[in-house]
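Student: Let's see this in three dimensions:
(chains A, B, C and D)
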Number of protein chains: 2
Amino acid sequence: MAKQELSIGALGKLTGTKVETIRFYEKIGILPAPARTAGNYRSYGHDHVRRLTFVRRVRDLGFPLETVRAMLDLADQPDRPCGEVDALVLGQLNEVERKIADLERLRDELDRLAHQCRRGGRVAECRIIEALSPHHEDGHCCP
Amino acid sequence: MAKQELSIGALGKLTGTKVETIRFYEKIGILPAPARTAGNYRSYGHDHVRRLTFVRRVRDLGFPLETVRAMLDLADQPDRPCGEVDALVLGQLNEVERKIADLERLRDELDRLAHQCRRGGRVAECRIIEALSPHHEDGHCCP
DNA sequence: ATGGACCCTGGAGTTACTACAGGGTCAAGA
DNA sequence: TCTTGACCCTGTAGTAACTCCAGGGTCCAT
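Tutor: Numbers count the residues shown, from 1 in each chain, chains lettered A, B, ... in the order given. Alright, predicted model coming up:
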């Protein structure tokens, strides 16, 4: 395989992705089909690494593939009328901020648990459910 | 339905959860089976609201049900030997912090896009993929 | 007493992977 | 040169976490 070019297995290792998942992303159009070697092996370049890393991270943050696709479209052709882009960007900004807030509450409680553990040898009380309960600005509920 | 008690539809609305999903969580043991009315309707109380809200939020943050289950177990019986609990808590603390870092980079780029849009009428350039690419401490890859 | 909104169970469909089965490619070593 | 083990190919089937639908019962406001 030519220098700079990666086999599917190498790409998988670099990005923490299963080989089957990479082929799946190609099939559904999330990743562009790469060049092939003489022996019909897929051959990836650095932009594939970046794109796949992005996809995997956004998925790991709980966004569906549909959202990933919208973000990739934005990156692929950013010179589109602003109205189209704006609602998308603002909506996602909103969701990102909600997730950050939830994760911070989760982190604080996990932190507390870790310290409590180290002191008493037992956890004794765990408020992890309360950390992400109603009252903390409800987010997506209640009419 | 007695005061304080909710039908499955009401619980769904309160927590932003589909009725079918609630029944699914009951079947796989994430939510305890609630009391039934004379007419065989499920009847939920306030602890169900809190528990389900927690489950939905943790899922929305990209954690699998297996992790949700582990967290719920921790909440249900926190008085367990610390060694057991510690690895779990620290591992999750780690993941939570990685997610927060990724979300903050995503937020910064979305923010930039929103402002760029408002100024030029076009987005012109979008670095959203770069925001979650390698280099930014790789996270879960590279041997 | 009846029509519409809501509930029940059980089973099929969807999304996003994940794991084979059956076979070809390739580099290293006997 | 030949072989053998690691890796690749396509295609299909299985899994996780929902989501939808069919066929039927409950509830209550008119």
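Student: now the strand or helix carrying A:Ala114 and helix B:82-120, what's the angle there?
Tutor: Assigned by DSSP states H and E, A:Ala114 falls within helix A:82-120. For helix A:82-120 against helix B:82-120, the angle by axes from the mean of the first three to the mean of the last three CA atoms, to 10 degrees is 160 degrees.
Student: And helix A:82-120, how far out from the chain middle?
Tutor: Relative to its chain's centre, helix A:82-120 lies at 14 Å (CA atoms, centre = their mean, to the nearest Å).
Student: Report whether it contacts chain B.
Tutor: Yes - remark: helix A:82-120 sits within contact range of chain B at A:82, A:85-86, A:89-90, A:92-93, A:96-97, A:99-100, A:102-104, A:106-107, A:110-111, A:113-114, A:117-118, A:120, by CB under 8 Å from any CB of the partner chain. (Each C-beta comes from the backbone N, C-alpha and C, glycine too.)
Student: The residues you listed, buried ones only, as a PyMOL selection?
Tutor: Of the residues of helix A:82-120 next to chain B, the buried ones go into a single PyMOL selection, burial set by 16 or more other CB atoms under 10 Å in any protein chain shown:
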select buried, chain A and resi 82+85+89+92+93+96+99+100+102+103+106+107+110+113+114+117
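Student: Phi first, then psi, for the residue positioned nearest the centre of chain A.
Tutor: Geometric centre of chain A, nearest residue: A:Val58, 1.7 Å, by CA atoms, centre = their mean. Phi and psi for A:Val58, reported as degrees, to the nearest 10, are phi -60, psi -40.
Student: Contact partners for the residue nearest to it when sequence neighbours are not counted?
Tutor: Leaving out its chain neighbours, the residue that sits closest to A:Val58 by CB to CB, 6 or more residues apart in numbering or on different chains is A:Val68, at 5.0 Å. For A:Val68, the contact set (CB atoms under 8 Å, 6 or more residues apart in numbering or on different chains) comprises A:Ile30, A:Phe54, A:Val55, A:Val58, A:Arg59.
Student: same thing with A:Phe54?
Tutor: If you count contacts by CB under 8 Å, 6+ apart, then A:Phe54 has A:Val68, A:Met71, A:Leu72, B:Ile128, B:Ile129, B:Ala131, B:Leu132, B:Ser133 around it.
Student: what residues does chain A put near DNA strand C?
Tutor: When proximity is defined as CB under 7 Å from any atom of the strand, chain A approaches DNA strand C at A:18, A:20-21, A:24, A:37-41, A:59, A:64-66.
Student: Repeat the analysis, applying 10 Å as the threshold.
Tutor: A:1, A:7, A:16-25, A:27-28, A:30, A:36-41, A:55-56, A:58-60, A:63-69 (CB under 10 Å from any atom of the strand).
Student: Burial check on the residue of chain A found nearest DNA strand C, number of neighbours?
Tutor: Using CB to the nearest atom of the strand, the single residue of chain A nearest to DNA strand C is A:Gly39, 2.3 Å away. The number of residues packed near A:Gly39 is 6, by other CB atoms under 10 Å in any protein chain shown.
Student: what's the pLDDT at it?
Tutor: A:Gly39 carries a pLDDT value of 96.
Student: Over to the one 4 residues further on?
Tutor: At A:Ser43, the model reports a pLDDT of 98.
Student: The helix or strand harbouring it close to DNA strand D?
Tutor: According to DSSP H and E, A:Ser43 maps onto strand A:42-43. Yes - contact of strand A:42-43 with DNA strand D (CB under 10 Å from any atom of the strand) involves A:Arg42, A:Ser43.
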